[in-house]
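what would the 3D arrangement of this be:
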Amino acid sequence: MLWIFAYGSLMFRPAFAFAAHEPAVIEGYERRFWQGSTDHRGVPGAPGRVATLVASPAARCHGIAFAVRPEDAPAVLDGLDFRERGGYSRLELPMVRATDGAEIGVGLVYVATPNNEEWLGPAPVHRIAAQVRASAGPSGHNIDYVLGVARVLFELGAEDDHVFELADLLDPSWRDQVGRHALVA
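Numbers count the residues shown, from 1 in each chain. Modelled structure (predicted):
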């Protein structure tokens, strides 16, 4: 079984065949909106900001682990490689269940690093919010991406100060909308 760890839009819009899913955690990484998107949530010359993982020894990143059947794996990987083509590379990282800390296995994770041409890097959260507010691309408005990530994490009971602070700046009432957007079925 192939495991995929989702921490951004894959959590609320996986768009691939999977056999099972469960809340999961990757240790030693934190989610940050430091990656530029000119192919999904922005356009060339006006990139949106999307999530990546940044190494941080004491951090825990909550997300969703998706199990993919062996017969579906080639098509799923082809689709994800295309979807995540804007600066992301594959990593394999150990995952644990969010509920009890039990080992799930190694998960395939798409991570953008500072050495890709779409990298935007850190910025004050109010500047990230302003860029997100102004950005849209072929996959929709950047604000919908950020709020989608925030809603899933909130529904999972996961804490993520960076995501929640950004979501609060974008839409102070976003928590009132939780529950209207079902988690992956």
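
please enumerate the strands of the chain.
Along the chain, counting by DSSP state E, strands occupy 2-6, 20-37, 48-68, 88-97, 103-112, 136-137, 140-141.

closest one to residue 167 among these?
strand 20-37 (10.5 Å; C-beta to C-beta). Heads up, the C-betas are built off the backbone N, CA and C, glycines and all.

any chance of the strands of the chain in CSV, with mean pLDDT, distance to residue 77 and mean neighbour count too?
Below are the strands of the chain laid out as CSV (pLDDT from 0 to 100; distance: least, C-beta to C-beta, whole Å; neighbours: other C-beta atoms under 10 Å):
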stretch, mean pLDDT, distance to residue 77, mean neighbour count
strand 2-6, 97, 8, 23
strand 20-37, 97, 17, 20
strand 48-68, 97, 8, 21
strand 88-97, 96, 9, 16
strand 103-112, 96, 8, 18
strand 136-137, 95, 23, 20
strand 140-141, 96, 24, 16
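
nearest to residue 166, out of these?
Of the strands of the chain, nearest to residue 166 by C-beta to C-beta is strand 20-37, at 6.4 Å.

how far away is the residue nearest to residue 4 when sequence neighbours are not counted from residue 135?
Nearest residue to residue 4, sequence neighbours excluded (C-beta to C-beta, 6 or more residues apart in numbering): residue 66, at 4.5 Å. Distance, residue 66 to residue 135, by C-beta to C-beta, to the nearest Å: 27 Å.

what are the contacting residues of stretch 134-153?
Contacts to stretch 134-153, defined as C-beta atoms under 8 Å, 6 or more residues apart in numbering, come from residues 7-9, 11-13, 31, 33, 37-43, 46-51, 62, 64, 131-133, 159-160, 163-164, 166-167, 170-171, 174, 177-178, 181, 183.

many thanks, I have nothing further to ask.
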